[in-house]
Every structure is written in C-alpha cells, then in structure tokens.
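A.B. asks: Please find the sequence and the predicted model below.
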Number of protein chains: 2
Amino acid sequence: MADSKIRNMEQFAAISGISRPTISKYFNDPDSVRSSTRERIEAAIEKHDYRPNIYAMNQNRKLTKNVGIVLPFLADPFFTEIARSIEQHCIDAGYRPTLFSSHGDPRLETEILDTLASMKPAGVLLAPLGRASDKSAIEKFCKQVPTLIFDSSVDELGIAFVGSDNFQFTELITDYLCRTGEPPCFFEMKTPANPNAHRRRASYLNAMEKFGYEPQVVSVPGEGWDFEAIGMQGGRAALADGRFKTNTVLCSNDRLAIGMLAACYAEGLRVGRTKDDAIRVAGQDGHPFSSYTCPPLTTVAHDYQAVSQHAVETLFQAIEGSVSDWESTRFEGKLIMRQSA
Amino acid sequence: MADSKIRNMEQFAAISGISRPTISKYFNDPDSVRSSTRERIEAAIEKHDYRPNIYAMNQNRKLTKNVGIVLPFLADPFFTEIARSIEQHCIDAGYRPTLFSSHGDPRLETEILDTLASMKPAGVLLAPLGRASDKSAIEKFCKQVPTLIFDSSVDELGIAFVGSDNFQFTELITDYLCRTGEPPCFFEMKTPANPNAHRRRASYLNAMEKFGYEPQVVSVPGEGWDFEAIGMQGGRAALADGRFKTNTVLCSNDRLAIGMLAACYAEGLRVGRTKDDAIRVAGQDGHPFSSYTCPPLTTVAHDYQAVSQHAVETLFQAIEGSVSDWESTRFEGKLIMRQSA
DNA sequence: ATCAAAACTTACCGCGCGTAAAGATTTTAT
DNA sequence: ATAAAATCTTTACGCGCGGTAAGTTTTGAT
C-alpha cells in the first residue's frame, strides 16, 4: 500500500515517528540506538521498503563503507575463488565490496586505482599485477587509501601484505618429488608476471642444493597472462629439445602445469607416477581445475580461507582503529598428492 | 605545484577561468561545449588533476553513467571472458561498469539487484542464475532499471535478450558426431542450472530423430555450479553402469565435459577419435580451458565477441533513446574440431 | 521518589554538484 | 556589417543526507 511516496530520510522519519538524526544514526550504526527504537525503525523499513540514497550518504561521510577488491586477472578461477571468499567476509563485516580486474593491463590497473580513489573507500584489497604494475601509482594510491596488498607483494607498500609462503610451497613439493622419484626440473616463464615466481625459483634452487641434486631450470618465453598457452608451447619445445634432464617437471604454477600436461599429451608422453608413465608433472597453487586434469595434478594448495580471512581482518583492524606497523603474513601450503606425480 | 587545493568544482572553475555551470556541462558531455572551451577545460584538468566528486554528481542526476554487470558464477572463465569484453565496451562508450557475481546463490542475486537499484544505473547487463533465480525479484528490477538479459533467458523480461543459439549449437555438433562415427549419447545434469541446458537436450533429441538414430540421454544428479565435479562423479557412475550405449558422448556443456574427461581417465578409457581410442567426448561452449584438456576438447564455441558487443550496443540504444520492442538475439556457434571427438 | 546519564528531538548549516532562467558575449550566416 | 543563433556567465535554488548544539524526554540506578 503506502510505499514509493517516501523520497528521503525526512519523510521516512516523519512517517515512522522518529526524528531524522536518529534515523541517520541508525543507518550509520544500528547498535548506536536503543533497542526499542531500533525495532521501530526496522519495522518501518520493512513496511515502507526505504533505503537511504547511497550517493547523498557517501557525499559528506569522510569514509564510506565501500571496500575495493582489485584482481590482476579475472579469467583465472584461482583469483575468483579468493574474490568470492573476500567478498563474503566484507559483507559479513558490514561493508560493501566492489570488484575490479586489471585484466593483465597495467594501464587499466592504474585507472582502477584512480576510480577507486574517488570512491573514498574505507579500504582496498589489492592484488597487483606485479612486475608490470606502475609502482609509483600504487605507492601514491596507498598514501590516500588504506590498502592491503595480497597475493603478490610490492615493496612494503600499504598497511600490510598477506599471501602464501612461496618458499615453503616449493620446498615442500621439491622434497616430495625428490623422495618419490627423480629430482624435478623447474619449469617456468622467462619473464614471470609477479615476484612469487622468483621466490619459487629461488626456493627450488635452494632445496635442490640442500638435497644434493643439481638444479635444472627450464625457462620458456611468453608475455602476458595466458599461462596455459605459454606452458603448452614452451613445454612442447622443451620436450622436443630434450631440455628436461630428468623425468620429473615441477611447474612454477598450476596454470603452467595445465599447459605442460597438454604439451605432454601432444608429444605422446604418458604422465603419472607409475612404471608405465614417461613423465611426472607437478604444479603449485591448488588451482580449482587441478582436480580435473588428466591425470589429476599433484600440487601445493594455497590456504585460500586463511589468506582471504586474514587479509580482510587485517584491513578492518587498520580501518577501525589500531594503526600497527606494516607486516607481511605468509601462509603455508598443503601438499595435494594426485596421480600426475 | 598547484594541486590539491582544489576541493570542488567552484574552485576549479575559478582557477580555470570558466564558469561552474559550463564545467558541469562539460563533465556531463564534453561535446556539449565549444571546442575552444573544451580545450581550456581539459588543459586545466590536466594541470590541476581535478575530478568531480562522483557522489555529488550522481546524487542529482536522474541517471548516472554507471552500468551494472551481473554474472551468475564468477569462478568460470566462460563468464569472466564475457565480462572482460563487456567491461571494455562499456568503458569505450563512456560508462562506468561495475561487476557483480551471484556466486550461484539466488539470495545473493536478489541482494545484488537491490544494491544495483539504489545505484541508479543507466542500465544493467544481467546474466541470471536461471532456474534458481527469484523471477519476481528480477521482474520487479527490470521495471525500475533498463536491463538487458544475456546468456540465459528469463521469460521476456527486460529490454532484450542476447545469447547463443543453443538449438544450432547442439544440432551442429550432433551432426558432426553422427557423420564421423557412432551417434552420440547426451550427457547432462538432471536438474540443470539454466534453460540453455533444456534447449540443448531438446535440440539433441530433435537432431537424432532427424538423422534417424535413437537418442540416448544420460542425466546425472547434482546441484549447484560445481559442474566438473558433477560431470566426473556422474560420468564415472554412468561408465561403470554401461549407461552410454555408443562410444560417443556429447556433453551438455564444456565444464561437464571436463569432468567427463576426468571420469574417462579414472576409468582407464582412452579418449579420442582414432582406432586406438575407446570413447569420443565432445562439449559445448568453447570454454577457455577446452584447448588444454587431454585430449583437447571438440566443442561448439560461443561467438563471445558478437554476444558481448551486441548486448552492450542493444543496451545503450535503449538507454540513449529509441525504445524498441523486446527482442531476442541468438548468435550461432562455431564448431571447433579437436582431438577428443 | 530522585537524579544523573543516556537517548532522543528540534533547528540549523554545510557538502558538491545539477539545473534553470536571464542576460551578456561570441560565433555563424546573410 | 548586421542580425540570428549558439554559447557562455551570473545568479539562485534544490538534492538528500551528515553533523552539531541546544534543549527535552526516557532510562536505570540509588
């Protein structure tokens, strides 16, 4: 019945028998009003289906309830999985998440940061492109907006970094591969997108030395974020040239490994860990699709839940008060043994 | 030098020597001012790095330059690929896209629609969840905001529907499979997420009858959007029970096919189209990962570019004037022959 | 019942911009 | 050159809400 006549908070206040400042206070923080008033307001909201104008709300507020989430590349279920988890945590904390993707383009990343700055967000969760990022733009942005960097670190920018312990990842799986067969060759992109790849290579070299094996790094060319294609093309070439000195290939990440599996298939090599198999292939990330490759991919899985939860918690702690020093948190990965290695 | 002193349009107008209403007019539509003034304004923008407050802008505008993009499920490169393309088209047209994902949850979809309604967007591109969607909520939303439905149709809601011609998809690949080997069995979810699946089944039945073969539909149980898992589990069970009466399986979509390939691998069946292979598997969608399965997946690819471009164009035509009748546009798919079938 | 604290109301101003109307200025056409 | 048209400036008001200061009412403890 009575509905769309309410055009602003004043009218809503009048019709619900409560003063406008109190209504305003309620929308800022429902717990700041007496429970009896809260119930009356909520009943009126229910009845008249009123929502305050978000633009008018955000105009004068120094800080909005917006939270920006910036991903480097959307067409990768690894990131979307994290995004889903982060989004949920933000909503639970009473914030309004907005998702952006740089789609692998540094100019777009800078544009997004620009847009975001004008949105006066309470905070931003940023997974940067990495190497290609305009670092000065990110640095400038971090000075304006409380920013938590995740997945891929950029100097000591923002309020904190949350990610995975890439050293541990690679050491864990290198150890596993060495114990269960021939020591692995390391398969990677020559110019990887982000610093995680460098950490993983360094960890591989370190682990191989520790275990007393000679490291073999196979770096393949390719730019951009089309990792599967790069892994497949580079993998075929490397296989054809006999650049893998052992029968075991540890890929820098799962998407590269998926490309490598396709390369093995194309070259007629049976992948697996049995006597009949020609080659073992392992990845790193615990990519959502890694369960469905043929054969299923042995990998090290991120602790998605821990990363996303800690990222959001750290951001909100910084927003809602305590200004602590910059810190870096890296979660350990879990070895997932499947048939590929 | 002179920079962050400019706090509003008034000050910017003063410092750039142009009246505020003209500045305002410029930001609404740069082409609405004389080219000489435009150049002066743009020089001043460049110099002082001024951007109008988006909240104050949008508060009074009846329509904003926002465009909402709603996806049913983000962790699927099929959708993110379309999203990327649509986003770009929106930006090119001078709009500000905002991306949302329902993450397979109908309540979240309704919430997103609620949020979107309060954003006064110029228009919305909505790919609904399908069967699970709250149709009344969508219908209500479509009355408030110019909405273009894509991918999966819901009645004749919104200003138009743009998607793919599922009948053609399935007929095309069914024909191909019949011509090149045994006629296909149709592999699908018992309770599929959206109406596209029903169209594809109907098309399969129709095509099989037309070609004079007896159709064989294998429906497997499973809820939600975890298609690969459903395909793998259902596929293994169906293979074990001998429910596929021929050596050819046409999957309702590529993600199901990826699960089916994993099932074949687990059951020790070699997939392919040569004499040595035990079974042929084909998908539908042209999923970004379908090139990298083992073996690479034969499928029918959406015309991504055409769908996204036509969707955006149709929306903007409706926004910027011409109110034409509701219409449905479905683009044909292209057969992609790979090794799996 | 008494009183201070907590919660609420009234009244008013400010935010940054959209928009309209009327007059002044520039551009274009004749 | 001159009139008509297009564009710009000035002035003024409104949007829907945030925020504050002063009074008033309600609450809960004594």
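C.D. replies: Here it is on my side, so go on. These numbers were taken from a predicted model, which means no experiment stands behind them.
A.B. asks: Can you tell me what sits against stretch A:239-248?
C.D. replies: With CB atoms under 8 Å, 6 or more residues apart in numbering or on different chains as the test, stretch A:239-248 has contacts from A:177, A:181-185, A:187, A:216, A:218, A:238, A:263-264, A:267, A:269, A:278-282, A:341. No exception for glycine: its C-beta is placed from N, CA and C like everyone else's.
A.B. asks: Could you list which of those belong to helices?
C.D. replies: In helices, judged by DSSP state H, the following of the contacts of stretch A:239-248 are found: A:177, A:238, A:263, A:264.
A.B. asks: And the pLDDT for the closest residue to the last one other than its chain neighbours?
C.D. replies: In this structure, residue A:264 finds its nearest non-sequential neighbour in residue A:271, 5.0 Å apart by CB to CB, 6 or more residues apart in numbering or on different chains. pLDDT, the model's per-residue confidence, is 93 for residue A:271.
A.B. asks: What are the boundaries of the helices in chain A?
C.D. replies: In chain A, the helices defined using DSSP H lie at A:9-16, A:20-28, A:35-48, A:54-60, A:77-92, A:106-117, A:135-144, A:166-180, A:195-211, A:227-240, A:254-266, A:304-319.
A.B. asks: Check whether residue A:273 really touches residue A:337, as I assumed.
C.D. replies: No. Counting by CB atoms under 8 Å, residue A:273 stays clear of residue A:337, with 9.0 Å between them.
A.B. asks: So between the two, which is more surrounded?
C.D. replies: A direct count of neighbours by other CB atoms under 10 Å in any protein chain shown for residue A:273 and residue A:337 places residue A:273 higher, at 20 against 14.
A.B. asks: show me what contacts the more buried one?
C.D. replies: Contacts of residue A:273 were listed using CB under 8 Å, 6+ apart, and they are A:180, A:181, A:280, A:339, A:340, A:341.
A.B. asks: Number of residues surrounding the first one?
C.D. replies: Going back to what we said before, that points to residue A:180. Residue A:180 - counted by other CB under 10 Å - has 13 other residues nearby.
A.B. asks: In stretch A:149-157, which residues are buried?
C.D. replies: Buried positions in stretch A:149-157, judged by neighbour count with 16 or more other CB atoms under 10 Å in any protein chain shown: A:149, A:150, A:151, A:152, A:153, A:154, A:157.
A.B. asks: So that stretch, near chain B or not?
C.D. replies: No. Stretch A:149-157 does not reach chain B (CB under 8 Å from any CB of the partner chain); its nearest approach is 15.9 Å.
A.B. asks: Now do that stretch: everything it contacts.
C.D. replies: When contacts are defined by CB under 8 Å, 6+ apart, stretch A:149-157 is touched by residues A:72, A:79, A:82, A:125-130, A:133, A:135, A:138-139, A:142, A:147, A:158, A:160-164, A:194-196, A:307, A:311, A:326, A:328.
A.B. asks: need the residues of the stretch 101-250 of chain A near chain B, please.
C.D. replies: Applying CB under 8 Å from any CB, one finds that the stretch 101-250 of chain A approaches chain B through A:101, A:103, A:114, A:115, A:118, A:119, A:120, A:228, A:229, A:232.
A.B. asks: Assess the claim that the first one and residue A:72 are in contact.
C.D. replies: Yes. Between residue A:101 and residue A:72 there is a contact at 7.4 Å, judged by CB under 8 Å.
A.B. asks: Check the contact lists of those two and give me the overlap.
C.D. replies: Common contacts of residue A:101 and residue A:72 (CB under 8 Å, 6+ apart): residue A:79.
A.B. asks: Low-confidence stretches in the stretch 201-341 of chain A?
C.D. replies: A:322 (pLDDT under 70).
A.B. asks: try it again with 80
C.D. replies: A:320-324 (pLDDT under 80).
A.B. asks: Return the residues in contact with residue A:288.
C.D. replies: Shown in contact with residue A:288 (CB under 8 Å, 6+ apart): A:77, A:78, A:81, B:75.
A.B. asks: redo that, cut-off 10 Å
C.D. replies: By CB atoms under 10 Å, 6 or more residues apart in numbering or on different chains, residue A:288 lies in contact with A:76, A:77, A:78, A:80, A:81, A:254, A:304, B:75, B:76, B:226, B:228.
A.B. asks: Highest neighbour count among the residues you listed?
C.D. replies: Neighbour count (other CB under 10 Å) singles out residue A:254 as the most crowded of the contacts of residue A:288, with 29 neighbours.
A.B. asks: And it, how far from chain B?
C.D. replies: Applying CB to the nearest CB, to the nearest Å, the value for residue A:254 to chain B is 11 Å.
A.B. asks: Tell me the spacing between that residue and residue B:272.
C.D. replies: Distance, residue A:254 to residue B:272, using CB to CB, to the nearest Å: 24 Å.
A.B. asks: Nice, that's everything, thank you.
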